[in-house]
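Asks: Dropping the sequence and predicted coords here.
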Amino acid sequence: MLSYNTLDRRELSRALGERDRDRYRLWLNAVYLIAFGTLTFNLMLAFVNSNVFTISESHVILAEMALLGAALLLALSRNAALYVILAIYISYMAFILALRPELDLKAIRDFLIPIVFYFIGRKFRRIEDADRLIWLSAILILAIGFFEFFFLELYTQFIDIFGYYVARGTLEAGSNFVEGSNLFISSTRLEGRNFLNFLGTLRASSVFLEPVTMGNFGAFLCLWALFRSGMRYRVLMFVAAFIAIVMPDARFGMFVSFALFAAAAAGLIIPRILWWPLPLLIVLALALYGGWSSQIIWEDDFTGRLLRASQLLQYVTMEAFFGVQAFGPILADNGFAYSIVQIGGIGLLALWSLFVFAPYNNPKALQFKALAITYISLLMTVSNSFYSIKMAALFWIAAGAADAMGTFRSCTGTNGSQKI
């Protein structure tokens, strides 16, 4: 017969468990809101710019700072690793920025995003919570993309995308390829689509406002579907990935997706120490290609973008490698050169090593490492778009959740409910 003390302890334990689950659900809902905010804040600012008042670059910066600050609060935990990494990173950046002729706070922001959102992901108790976040994001993005695609005239009445980028200082007025268009400059495929020609010339971009990131998001959905072999409705996520690539006519996104299928198989047998140097090998290959090619003028195709990327590597001088000389914006077409200049080669290698060799709790996480390394390396070959918070935040949450998968297995039941 159970004693009163035993019953009291069980009741107390059950009450504490319920309180803990309530706190986690509240925290998880806040994470979802922040993640949706990173995806949609450009769309909301574009709406404000079109219908309420003119925005400026400072509004964009304030929005990103607010999202990043809120995310940092959600990332805080008893894990000392976050505080150690942040302290070392801020100290290092303060040192190299002090040596530069101009202060560039964007350099700090670019690499705070992966640190903060990765540690948010590591606090996920169930990988299914990451599944749900990615599914909800996909539904939201595809829904707005379909609305843009089928009701373009109505959509552009409320969202002047080109005007928004002019207002924030990213584009010059009159620089659009299509006269009178209020879409992003690359949102019209003038020479005809690569996929499903009958869909017309529009490259839908949904919440991202420009088609490149939309295609990158489609490749990310493919990555997650390959990784989450036991996920419900997995086939539908592959379908969503295909749609998210076809809508913006993202040929590079399709190429990345094919590469991810190969990486998914290789990730099961190749150790991560052999995946670590993949970006270095790509940089070496680009440098050799640039030195071998006698072509100077590049075209907007795959080989032309590779040539452009190889040419930009020549801007990385010894001073730039150590982070003293900064001219990041002109290196936007080569994410590797941009990264080296922004944070210095030493800092970049350190952060990359921290991600690749971060501890994990389930061997399945090694496959995600292979997929993530392939995804990042290919995207960085032709652009620095991966640093945009509108795509990077969701990716790094997923990366943290993949490494944390299985952490709470000993204290949770098979249905995810916590055992007492």
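Replies: In hand now; what should we look at?

Asks: sec struct for residue 41, please.
Replies: Here residue 41 takes the helix state, with states given by DSSP: H, G, I helix; E, B strand; the rest coil.

Asks: Contact partners for it?
Replies: Shown in contact with residue 41 (CB atoms under 8 Å, 6 or more residues apart in numbering): 63, 64, 67, 390. Quick note: C-beta positions are derived from backbone N, CA and C, even for glycine.

Asks: Quick check: the first one vs residue 98, distance?
Replies: Yep, that's residue 63 we're talking about. Shown here: residue 63 relative to residue 98, a distance of 28 Å by CB to CB, to the nearest Å.

Asks: next one: the last one
Replies: Summarising the geometry, the distance separating residue 390 from residue 98, computed by CB to CB, is 30 Å.

Asks: quick one on the thing from earlier: just checking, which of the contacts of residue 41 belong to helices?
Replies: Counted as lying in helices by DSSP state H, out of the contacts of residue 41, are 63, 64, 67, 390.

Asks: can you pick the most crowded of those residues?
Replies: residue 390 (23 neighbours; other CB atoms under 10 Å).

Asks: mind listing what it touches?
Replies: 38, 39, 41, 42, 207, 208, 213.

Asks: The worst-scoring helix or strand of the chain on mean pLDDT packs against which elements?
Replies: Least confident helix or strand, the chain: helix 302-312 with a mean of 77, by mean pLDDT, DSSP states H and E. Using 3 or more CB pairs under 8 Å, 6 or more residues apart in numbering; DSSP states H and E as the contact definition, the elements that helix 302-312 packs against are helix 251-266, helix 278-292, helix 335-343, helix 365-382.

Asks: what about the helices in the stretch 1-150 of the chain?
Replies: Along the stretch 1-150 of the chain, the segments classed as helices by DSSP state H, counting those that start in this stretch run 4-51, 57-75, 80-98, 105-121, 127-150.

Asks: With respect to burial, which of the ones you listed scores highest?
Replies: Across the helices of the stretch 1-150 of the chain, averaging neighbours per residue (mean count of other CB atoms under 10 Å) puts helix 105-121 on top, at a mean of 21.

Asks: now it: how far from the chain's centre is it?
Replies: Using CA atoms, centre = their mean, to the nearest Å, the distance from the centre of helix 105-121 to the centre of the chain it belongs to is 11 Å.

Asks: Stretch 220-235 too?
Replies: Averaged over its C-alpha atoms, stretch 220-235 has a centre that lies 17 Å from its chain's centre (CA atoms, centre = their mean).

Asks: Endpoint to endpoint, it covers what distance?
Replies: Between the opening and closing residues of stretch 220-235 there is a gap of 14 Å (CA to CA, to the nearest Å).

Asks: what's the average pLDDT for that stretch?
Replies: For stretch 220-235, mean pLDDT is 94.

Asks: for stretch 318-330, same thing?
Replies: Stretch 318-330 comes out with an average pLDDT of 77.

Asks: could we number from 23 for the rest of this?
Replies: In the new numbering, first residue 23, that becomes stretch 340-352.

Asks: For it, list the C-alpha coordinates in PDB.
Replies: Extracted C-alpha coordinates of stretch 340-352, given in PDB (Å, rounded to 0.1, in the frame of the first residue of the first chain):
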ATOM      1  CA  MET A 340      46.400  39.000 -47.300                       C
ATOM      2  CA  GLU A 341      44.800  41.900 -45.400                       C
ATOM      3  CA  ALA A 342      41.400  40.800 -46.300                       C
ATOM      4  CA  PHE A 343      42.100  37.200 -45.300                       C
ATOM      5  CA  PHE A 344      42.900  38.400 -41.700                       C
ATOM      6  CA  GLY A 345      39.800  40.600 -41.700                       C
ATOM      7  CA  VAL A 346      41.500  44.000 -41.700                       C
ATOM      8  CA  GLN A 347      40.400  45.100 -45.200                       C
ATOM      9  CA  ALA A 348      36.600  45.100 -45.700                       C
ATOM     10  CA  PHE A 349      34.800  45.500 -49.000                       C
ATOM     11  CA  GLY A 350      32.100  42.900 -48.500                       C
ATOM     12  CA  PRO A 351      29.200  44.200 -50.700                       C
ATOM     13  CA  ILE A 352      31.000  44.000 -54.000                       C
END
